[in-house]
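> here is my input; please provide its structure:
(chains A and B)
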Amino acid sequence: MATETDILQELGSVPSLWTRRHLLGLEELTAEEITLILDKAAIFRRVLDRGGRKIAALTGKTCCNLFFENSTRTKTSFSLAARRLGADTLDFTASSSSLSKGETFIDTAKNIEAMGVDVMIVRHQTPGSPHLLSQNLKCSVINAGDGAHEHPTQGLLDIMTIRQHRGSLKGLTVALVGDILFSRTARSNIWGLKKLGAHVIVCGPSTLVSRRWAELGVECCYSLDDILPRVDVLNLLRIQFERQATRPFPSVREYAHLYTMDSERLARAKPDVLILAPGPINRGVEVTPDVADGPQSAILDQVTNGVAVRMAVLWLMAGRT
Amino acid sequence: MSKLLITNGRVIDPSQNMDRATNLLVVDGRIAAYDAQPDGTAEAIDAQGCIVAPGLIDIHVHLREPGGEDSETIETGTKAAVNGGFTSLACMPNTDPPIDTKGTVELIRQTAAQKGHCNVFVVACVSQNREGKQLAEIAQLVEAGAVGFSDDGTPVYDAELMRRAFEYCLMFDKPVMNHAEVLELSQNGVMHEGLASLILGLPAIPAAAEDVMVSRDISLAEATGGRLHIMHLSTVNGVEALRRAKCRNVRVTAEVTPHHFTLTDDCLRTFDSNYKMNPPLRGQEHVDAMIAGLKDGTIDCIACDHAPHPKEKKMQELDRAPFGITGLETSLGLVVTKLIEPGHLDWPSALAKMTINPARIVNLKKGTLQIGADADITVIDPEVRWKVDPGKMCSKSSNTPFAGWDLKGRAEVVIVGGKVKLRRKQT
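As a prediction, the model looks like this:
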């Protein structure tokens, strides 16, 4: 088993290819930058697999979770990633903040930064808010989800999981199924997958799947049954009930009738189809429990890879000495 | 007797189809004579190389007073207007309190008379308290000096109220000016619905939200014989509906803002809230339709929808930042740079849309250099190139997306009622 010294040696120093101070989305990353993150994440995955012990790659650095929107999984994942690298972490949530006292979110972030933060991990319900902070803060900003815009580390961990199971993305057909309109995960996946050479299909009700995606070279489809026989990966997105101003489909039952991934549909898919779901899932809506927990499912791999990807991202942003 | 002689300029006055080099004499605040020769008794302004035009008019300005003095006041807003070449403006009634009573109209006019740098005309509310329920006391508002009626900021939503407004305003020959937006379609949208909004994941306002209400308003104007003025038109189908309505002699006019013939929704890719306005910046096909509408005369006038907001309010998350940008000090430069320079409009037709046309929409005896008219004059250097610098603007707010832009054409001298209000350099 590799020692910490071996790992740190393999990791090396932050490559000169990485020049970014912020990670705001996958749209602006190059294929090389994405591959770099994934390669480093694979090393960190091995750190996690050998028992989750810490390595001293970010000792003395401080990472702050600045969350203006509820989250358990992403926040926990970032906190663990930072601690595994030896960094200090602190959490700030909107409910416990001075935002209710009328302070603007930029002022809030500036105040926290002034306490000595190296990386600000920002989640916000409004697209572009991490971008606004990145223009107003000196520290690094990581977008941990801005409204329906981007969630780059989620896209990266999905892609890492596919790569882990399939080796390469090139030539694969990946379908994103469900609520595309309100999904930041979908957007980050689309950019990342396309850059790495995959064919992307967006599939869901026509009220949630804009035909305009075709303008970006994405295939649009309303029937899951039609695409099942030819997809290599199914990424089942959560229905974002909380973002929908008007109901985009008549009932959950009707949605499930058309799009739930169950064993019957699975039987019509490629035998080695890979099932992903960026959680939290509505069991019985996007996917049935037997499929979610079955052999095709990589859902728990995604969770572990989430920590590894975030370790890689934090290290690239703050690991330069 | 005060005399002012503007010499050697190219006088362009679309109200009398005039475009010629001449000297213009102003006596006691009125246009007195053409071809006047210097005799030593008049203050001289050398307009060599410049265009001498009727004072520019903008009929869609938010002066924010009363209630929004942190954004703008009548004093600062009119100063910005003069700096942009405007001699008259019409201010919108979505103040706090709204301009829906005789007293408020009088207050605005008095304050403007005391502190204003240019002529201020008041557009008053269609409905009491801008609530869209009961008609405001329109007859008394007209007596107090209101030149048009609008609940701008929000549409007159109730179709029956809109119909009554058209009918009632017929008595006074005043236009109903509507902000066309079907709110169920725009919801909490912050930008135009298109490829950019799809990529950015931002809640979006479809063009149909405007199209549907423009069509409704045209139908109601046609049915009543009332006068409709469509504010800040911004869609392909809106222009087409207007074009067809004009063929049927419906009494309808429309304005377009400089930003809607200049910028597209792609600007929002920066997430800069200075690109957030309502109606939103739309796609290139809509920008092209605005220019086509201006060229063929479908769109009557250019109005900037000057909407100042303080920096701390604009510097927020995109959904919290208010809609609107300042425009008075960039409007003329954008018209020259984006419409005249590329050959879309010639000077006389561009100036018509900033002088006599807006004057006619709100029945002003302005926008002309006919003998005897008020001496509101804008002297424009058509060749000067300048950089937009929010730090040098007169508006109290600096929420402009045009900061740093290089523009061509600027007002060098602005004369309001025979008084020189701006003289940028020794002319």
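
> show me what counts as buried in the lengthiest helix in chain B.
Longest among the helix segments of chain B by residue count, using DSSP state H, is helix B:207-224. By neighbour count on 16 or more other Cβ atoms under 10 Å in any protein chain shown, the buried set for helix B:207-224 is B:207, B:209-222, B:224. C-beta coordinates here come from the backbone N, C-alpha and C atoms, glycine included.

> can you check stretch A:3-20 too?
In stretch A:3-20, counting by 16+ other Cβ under 10 Å, buried: A:Ile7, A:Leu11, A:Val14, A:Trp18.

> surely the last one and A:Leu316 touch.
Just to be clear, that refers to A:Trp18. Yes. Contact criterion Cβ atoms under 8 Å: A:Trp18 and A:Leu316 qualify, at 4.9 Å.

> which neighbours do the two have in common?
A:Leu36 (Cβ atoms under 8 Å, 6 or more residues apart in numbering or on different chains).

> coming back round to it: so what's the model's average confidence on the helix or strand following the longest helix of chain B?
Next along the chain after helix B:207-224, taking DSSP states H and E as the criterion, comes strand B:228-230. In this model, strand B:228-230 has an average pLDDT of 98.

> ok, stretch B:418-425 next?
Mean predicted lDDT for stretch B:418-425 stands at 94.

> report the distance from that stretch to the chain centre.
21 Å (Cα atoms, centre = their mean, to the nearest Å).

> nearest to chain B among the buried residues of stretch A:3-20?
A:Trp18 (23.5 Å; Cβ to the nearest Cβ).

> does that closest one belong to a helix, a strand or coil?
The three-state label for A:Trp18, taken from DSSP: H, G, I helix; E, B strand; the rest coil, comes out as coil.

> need the contact list for it.
Contacts of A:Trp18 were listed using Cβ under 8 Å, 6+ apart, and they are A:Glu33, A:Leu36, A:Leu316.

> near chain B, which residues of the stretch 151-300 of chain A?
Neighbours of chain B within the stretch 151-300 of chain A, by Cβ under 8 Å from any Cβ of the partner chain: A:Phe182, A:Arg184, A:Arg187, A:Ser210, A:Arg212, A:Trp213, A:Glu215, A:Leu216, A:Ala245, A:Thr246.

> switch to 7 Å and redo it
Within the stretch 151-300 of chain A, the positions near chain B by Cβ under 7 Å from any Cβ of the partner chain are A:Arg184, A:Arg187, A:Ser210, A:Arg212, A:Glu215, A:Ala245.

> what's the helix or strand of chain B with the lowest mean pLDDT packed up against?
Ranked by mean pLDDT, DSSP states H and E, the helix or strand of chain B with the weakest confidence is helix B:311-314, at a mean of 92. With contacts taken as 3 or more Cβ pairs under 7 Å, 6 or more residues apart in numbering or on different chains; DSSP states H and E, helix B:311-314 sits against no other helix or strand.

> name the residues that touch that helix?
A:Thr104, B:Ser273, B:Asn274, B:Ala321, B:Pro322, B:Ser398, B:Asn399 (Cβ atoms under 7 Å, 6 or more residues apart in numbering or on different chains).

> going by distance to A:Ile121, which of those residues wins?
A:Thr104 (19.2 Å; Cβ to Cβ).

> which residues of the stretch 301-427 of chain B lie near chain A?
B:Glu312, B:Met315, B:Gln316, B:Glu317, B:Leu318, B:Asp319.

> can you select the buried ones from those residues in PyMOL?
Applied in PyMOL, the following selects the buried portion of these according to 16+ other Cβ under 10 Å:
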select buried, chain B and resi 315+316+317+318+319
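
> quick one: which of the residues of the stretch 301-427 of chain B next to chain A is nearest chain A?
When those are compared against chain A (criterion: Cβ to the nearest Cβ), the nearest one is B:Glu317, at 4.0 Å.

> what distance do you get for that closest one to A:His124?
Distance, B:Glu317 to A:His124, by Cβ to Cβ, to the nearest Å: 7 Å.

> hmm, back to that, show me the two of the residues of the stretch 151-300 of chain A next to chain B that sit farthest apart.
Farthest apart among these by Cβ to Cβ are A:Glu215 and A:Ala245. That separation is 24.1 Å.

> contacting residues for B:Lys396?
B:Ser71, B:Glu72, B:Thr73, B:Thr76, B:Pro308.

> now which of these would you call buried?
Among the contacts of B:Lys396, the ones that count as buried by 16+ other Cβ under 10 Å are B:Ser71, B:Glu72, B:Thr73, B:Thr76, B:Pro308.

> does the third one touch B:Glu65 like I think?
It stands for B:Thr73. Yes. Using Cβ atoms under 7 Å, B:Thr73 makes contact with B:Glu65 at a distance of 4.8 Å.

> residue ranges with poor pLDDT in the stretch 201-350 of chain B?
Low-confidence segments of the stretch 201-350 of chain B (pLDDT under 70): none present.

> ranges for the strands of it?
B:204-205, B:228-230, B:252-256, B:301-302 (DSSP state E, counting those that start in this stretch).

> for B:Glu131, which of those is the nearest?
Of those, nearest to B:Glu131 by Cβ to Cβ is strand B:228-230, at 20.9 Å.

> paired strands for the closest one, with orientation please.
As defined by DSSP bridges, the strand partners of strand B:228-230 come to strand B:176-178 (parallel), strand B:252-256 (parallel).

> who's in contact with that strand?
B:148, B:175-178, B:180, B:214, B:217-218, B:221, B:242, B:251-254, B:361.

> ok, the spatially most central residue of chain B - contacts?
Chain B has B:Ala303 as the residue nearest its centroid, 2.3 Å off, counting by Cα atoms, centre = their mean. Neighbouring residues of B:Ala303 by Cβ under 7 Å, 6+ apart: B:Asp58, B:Ile59, B:His60, B:Glu255, B:Thr257, B:Pro358.

> what about 10 Å?
B:Ala303 makes contact with B:57-61, B:89-90, B:177, B:229, B:231-232, B:254-258, B:327, B:331, B:353-354, B:358, B:361, according to Cβ atoms under 10 Å, 6 or more residues apart in numbering or on different chains.

> check A:Leu236 too.
Neighbouring residues of A:Leu236 by Cβ under 10 Å, 6+ apart: A:175-178, A:203, A:224, A:259-261, A:275-279, A:281-282, A:285-287, A:291-292, A:297, A:299.
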